[in-house]
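J.: Predicted model follows, preceded by the sequence.
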Amino acid sequence: MTSEQASHVLAIDQGTTSTRAMVFDRSGRVVAVDQREHRQILPRAGWVEHDATEIWANTRAVVGGALAAANLNATSIVAVGITNQRETTVVWDRSTGEPVHHAIVWQDTRTQALCDELAGDEGPERFKARTGLPLATYFAGPKVRWILDHVEGARERADAGELLFGTVDTWLLWNLTGGAEHDGVHVTDVTNASRTLMMDIRTLDWADDVVEAMGVPRSMLPEIRSSSEEYGVCHPGILIGVPVAGILGDQHAATFGQACLDVGSAKNTYGTGNFMLLNTGDEIIESRHGLLTTLCYRLGEQPPVYALEGSIAVTGSLVQWLRDNLGLIDSAAEVERLAATVEDNGGAYFVPAFSGLFAPHWRSDARGALVGLTRFVNKGHIARAALEATAFQTREVLDAMEADSGVRLTELKVDGGMVVNETLMQFQADLLGVDVVRPRISETTALGAAYAAGLAVGYWASTDEIRDNWAEDRRWSPSLDPAERERLYRTWKKAVERTLDWVDDDTR
């Protein structure tokens, strides 16, 4: 199939709360989209699971829906790209395709005791020089180990070569390319592999000693490939014969879609959580300030591009919590209107450490806190404090990023569902003291996956076309007095201190 015959690229964007399929044209414009939410399974405090079979069913449905909405079929699609929630872990039977357990989601904290055990006397940075990551519940390796240790018969089946592991990209690729019936392709890309706590970030292969220490049989692991190449073709189904040619973890895909292709360029994605990535080129920067060293992307046989990342666990999901758990709002969009009923936060600060604190703190013992309450505070102040929590956490990450890189950012590119919230974007600019810039095409995660796939098959000739396609939509400039900015930030840091040391050994 040539690019003349096929006129579009399809991206599968499998996220924490939903799955989308999006069709793009050569200009990077969204032609059609379909989306379905999936269940959030919460067996107990700190545990978060997804049904991988539900995710696969939703994927098939939204692909069909997007093609129908665009009035296209497989002959119109030159390639498929996949982007996915990272670290979320699936273990399945290679002969039946059935998962042995629900997928364990990146937010899940059940592996804390295992991480402490693996850290031993060397501490949480035991594997950091090799993997770029601290030992934390966030990453996939400990989640695989938990499944093998707690699902009856799983360890024996894994040792016998009967089970496969993958993050969600691998699970979808394996099914798209034939699954159990047609010997699906068992592959991941460097960006997702770099989030397992088992890949050597220099060799871009599994670190055998780390894998052994993690207690995961090597036979379970997918082959690690680049982010942009042909992995296999889709088997019977709506996309039959179309190559799958791009894989990027969601935050890496957003970085690529935002055209952050030059050293020193950065983006921040406002989704379920927040994730800021800074392109560091071919340099591996070992963070001294609580950030992660990760793969940014790798195109075919080209040298890998690295990044520093600041990961924040709870931002957009805090708004969902206000809606679903408290009933404070009926829809996520209402939070901005409610926040706008007050002039400021009324002295209230909301630290959403529901799963502990990620970057730059990495404190699994923290739990959420709403502090500074007086009788003056009303639901408008709480809504505003919830929005401001996203901006405060982003400021913490940006400070760490500038300290590690020595680069002072002059503007921040933003994307994700929350960037439609203009109150939040203005406060973010105020708190950072730099311009915040939203792109014209805001679906940068799916777009990045589409770019990776299209580049692999020649639909786009080079990354110059990605740069040319990027265009600014809206810019927010800081207007807050610097002294007031620092007062607010100082008080936020006091609030963070109140969340620490909450979880004891007998309350995990």
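T.: Received it, and whenever you're ready, just let me know what you need. Numbering: from 1, shown residues only.

J.: Checking my notes, residue 65 in a helix, right?
T.: Yes: counting by DSSP: H, G, I helix; E, B strand; the rest coil, residue 65 falls inside a helix.

J.: So for it, what's the nearest residue that isn't a sequence neighbour?
T.: residue 34 (3.1 Å; C-beta to C-beta, 6 or more residues apart in numbering). For every residue, glycine as well, the C-beta is placed using N, CA and C.

J.: so how many other residues sit close to the one you found?
T.: By the criterion of other C-beta atoms under 10 Å, residue 34 has 20 neighbours.

J.: and the helix or strand residue 79 falls within, what other elements does it pack with?
T.: Per DSSP states H and E, residue 79 falls inside strand 77-84. Using 3 or more C-beta pairs under 8 Å, 6 or more residues apart in numbering; DSSP states H and E, the elements in contact with strand 77-84 are strand 8-14, helix 168-176, strand 243-249, helix 250-257, helix 444-456.

J.: Redo these as CSV? Include mean pLDDT, distance to residue 420 and mean neighbour count.
T.: Shown next, in CSV, are the helices and strands packed on strand 77-84 (pLDDT from 0 to 100; distance: least, C-beta to C-beta, whole Å; neighbours: other C-beta atoms under 10 Å):
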stretch, mean pLDDT, distance to residue 420, mean neighbour count
strand 8-14, 97, 17, 29
helix 168-176, 97, 25, 28
strand 243-249, 97, 23, 30
helix 250-257, 93, 16, 32
helix 444-456, 96, 14, 31
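
J.: can you redo these as TSV with distance to residue 46?
T.: Converted to TSV, the helices and strands packed on strand 77-84 look like this (distance: least, C-beta to C-beta, whole Å):
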stretch	distance to residue 46
strand 8-14	23
helix 168-176	21
strand 243-249	23
helix 250-257	22
helix 444-456	27
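
J.: Residue 189: which of these is closest?
T.: Nearest to residue 189 among those is strand 243-249; the distance by C-beta to C-beta comes to 4.0 Å.

J.: Surely residue 358 touches residue 138?
T.: Yes: applying C-beta atoms under 8 Å, one finds residue 358 in contact with residue 138, separated by 6.5 Å.

J.: The helices and strands packed on strand 77-84: which one's closest to residue 409?
T.: Short answer: helix 250-257, nearest of the helices and strands packed on strand 77-84 by C-beta to C-beta, at 14.1 Å.

J.: Quick check: residue 213 touching residue 118?
T.: Yes: Residue 213 lies in contact with residue 118 (C-beta under 8 Å); the separation is 6.7 Å.

J.: State the distance from residue 53 to residue 171.
T.: 10 Å (C-beta to C-beta, to the nearest Å).

J.: quick one on the thing from earlier: and the residue nearest to residue 65, its phi and psi?
T.: The phi and psi torsions at residue 34 (degrees, to the nearest 10) take the values phi -140, psi 150.

J.: just to revisit the earlier point, of residue 213 and residue 118, who's got more company?
T.: residue 118 (21 against 16).

J.: Not counting sequence-adjacent ones, nearest residue to that one?
T.: Nearest to residue 118 is residue 135, by C-beta to C-beta, 6+ apart, at 5.6 Å.

J.: any weak-confidence spans in the stretch 351-500 of the chain?
T.: Within the stretch 351-500 of the chain, the set of residues satisfying pLDDT under 70 is empty.

J.: those helices in it, which residues are they?
T.: 379-405, 422-432, 444-456, 463-469, 482-499 (DSSP state H, counting those that start in this stretch).

J.: just the stretch 1-150 of the chain next, same as before
T.: 52-70, 112-119, 128-131, 140-150.

J.: where does the closest residue in space to residue 397 that isn't next to it in sequence fall, phi/psi-wise?
T.: What sits nearest to residue 397 in space, not counting adjacent residues and going by C-beta to C-beta, 6+ apart, is residue 310, at 3.1 Å. With angles defined as degrees, to the nearest 10, residue 310 sits at phi -110, psi 120.

J.: ok, now the one 10 residues further on?
T.: Here the main-chain torsion angles of residue 320 (degrees, to the nearest 10) amount to phi -60, psi -40.

J.: what about the closest residue to it other than its chain neighbours, how many residues close to it?
T.: Excluding its sequence neighbours, the residue lying closest to residue 320 (C-beta to C-beta, 6+ apart) is residue 332, at 6.7 Å. By other C-beta under 10 Å, 17 other residues sit near residue 332.
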